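Enquirer: Build the 3D model from these lines:
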Amino acid sequence: MLTGYYRGIPLSYPYLLAFITFPICALKNWINVIQMVNAAKALSEVDKEDRRKDALAKSKKSTVGKKS
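Expert: Modelled structure (predicted):
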């Protein structure tokens, strides 16, 4: 097993693996957050459009049967 210290950081395979993979993991999680925010915005826009269409359909349906 690799042992010793480099600038106060213990050198062993688990630590080396952690130091190499942490930036990759952090970047991947940041990209996931950005994708989640964009997906939430897109879904809210679709939901707004569906609600608007439903409201229009209900208003047309309620005015069709009324006499003037």
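
Enquirer: what residue ranges in the chain are flagged as low confidence?
Expert: Counting by pLDDT under 70, the ranges of the chain that qualify are 1-3, 64-68.

Enquirer: That one: strands as residue ranges?
Expert: Listed in chain order, the strands found in the chain under DSSP state E are 5-6, 9-10.

Enquirer: could I get the ones you listed as TSV with distance to N32?
Expert: Where you see a C-beta, it was placed from the backbone N, CA and C, and this is true even at glycine. As requested, those are exported to TSV (distance: least, CB to CB, whole Å):
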stretch	distance to N32
strand 5-6	32
strand 9-10	28
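
Enquirer: Pick the most buried one from these.
Expert: The densest packing among the strands of the chain, expressed as mean neighbour count by mean count of other CB atoms under 10 Å, is seen in strand 9-10 with a mean of 12.

Enquirer: Parallel or antiparallel, which strands does that strand pair with?
Expert: Take DSSP bridges as the rule and strand 9-10 pairs in its sheet with strand 5-6 (antiparallel).

Enquirer: which residues make contact with the partner strand from outside it?
Expert: The contact list for strand 5-6, computed with CB atoms under 8 Å, 6 or more residues apart in numbering, reads L11.

Enquirer: Show me the residue sitting in the middle of this protein in space.
Expert: Of all residues in the chain, the one closest to the mean position by CA atoms, centre = their mean is M36, 1.2 Å from it.

Enquirer: Next one: that one from T21, what distance?
Expert: 22 Å (CB to CB, to the nearest Å).

Enquirer: Equivalent analysis for A42, please.
Expert: In this structure, A42 and T21 are 31 Å apart, going by CB to CB.
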